[in-house]
Structure formats: C-alpha cells, structure tokens
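Q: One predicted model, sequence on top.
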Amino acid sequence: MLRFSTGIRNGILDSTGIREALANGVLRIYSGAQPASADAAPTGTLLLEITVDGGEFSHGSAANGLNFDAPVNGVLKKAAAEVWRGDGLAQGVAGWFRFCGNPADAGGPSTSLARIDGAVARVGGDLELGNINIEENVPSTIDVFQIRVDQA
C-alpha cells in the first residue's frame, strides 16, 4: 500500500502538489517490510538507488533527479523521456521503495519531507519489478512507475 509522508499530504493540500514535491527526486529500494509510515526512518538494507541514467544523485541538485510527466486522468507517470536506472548496491530481495523529493533527506524521521513509500513485488506491488532479487553492481531499470489518485 502506498504511504504518503506528512510532507506530501501537506503539499497536496497546499500549492505544491505531488509532481512538484517529488521533482528531481530519487527512488530507493530496500529489503524487508516497509515502515508503518513514510515519516519514519527507512528499514532494511538499501539495495538499489534509481536515478536518471543511473547517474550520481545529490539532494539539492537537479542533476540525475527523477521527474514525472504532467498528470492525466488522475495518474502521474514517470517522465517518458527519462531512463530510470541504477546498479545494485547490495544483494537481497526487494521488499519496498521510498521515493524522496530533492531537498536534503538524511533518512531519519521527518514530517516535513516529501516521501512516498510502497511495496515492491513481481506482481501486485505498488512497484512491480521483473526481478526482485537485486545483485550488487547489476543494473536495474524502472520502465513503469505511476502514482494514481483514485476518485473517492
């Protein structure tokens, strides 16, 4: 289940919006179960960091940060012009992801940073990966990533 941080929820209600709050961000994939809240510190082992073309990412810099195309019918999709890629940082089974916006995020608890957490699975996860077994130094790409805001 997708879990939005307090920072994302506040941004949705303010003028920021999800697309802008996550602009030039980074997608991190961890082992184990996702935390109870996207406000919490990450759990598990960091297996993979996804950036544009697998380039080095630094919070506060737009270089290699991930972006989204304009939303259509309540769905925000990864920017079609970007290749989302990363090399495995450690070996393990992907269990969950955290998408972080560009502002500095040391990974600790926060109620102000824009983050979205979700489950990773081969089928039926918030993020579906063809191979959830991450290997160190082996590249992985994310071809489909979307955030859906369903009608109540």
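A: In hand now; what should we look at? Residues are numbered from 1 along each chain as shown.
Q: going forward, measure contacts and count neighbours with C-alpha atoms only.
A: Fine.
Q: How far does the helix or strand of the chain with the lowest mean pLDDT sit from its chain's centre?
A: When each helix and strand of the chain is scored by mean pLDDT, DSSP states H and E, helix 6-13 comes last, with a mean of 77. Averaging C-alpha coordinates over helix 6-13 and over its chain gives two centres that are 16 Å apart (Cα atoms, centre = their mean, to the nearest Å).
Q: I'd like to know how far the residue nearest to Thr6 when sequence neighbours are not counted sits from Asp143.
A: When the adjacent residues along the chain are set aside, Thr6 lies closest to Thr111, with 5.0 Å between them (Cα to Cα, 6 or more residues apart in numbering). In this structure, Thr111 lies at 30 Å from Asp143, with Cα to Cα, to the nearest Å as the measure.
Q: quick one: which of the two has more around it?
A: Thr111 (16 against 13; other Cα atoms under 10 Å).
Q: mean confidence for stretch 73-81?
A: For stretch 73-81, mean pLDDT is 91.
Q: and the nearest residue to Gly11 once chain neighbours are set aside, what are its phi and psi?
A: The shortest distance from Gly11 to any non-neighbouring residue, by Cα to Cα, 6+ apart, is to Gly17 (5.3 Å). Dihedral angles of Gly17 (phi, psi; degrees, to the nearest 10) stand at phi 80, psi 160.
Q: and Gly17, how many neighbours does it have?
A: By other Cα under 10 Å, the burial measure for Gly17, its neighbour count, is 14.
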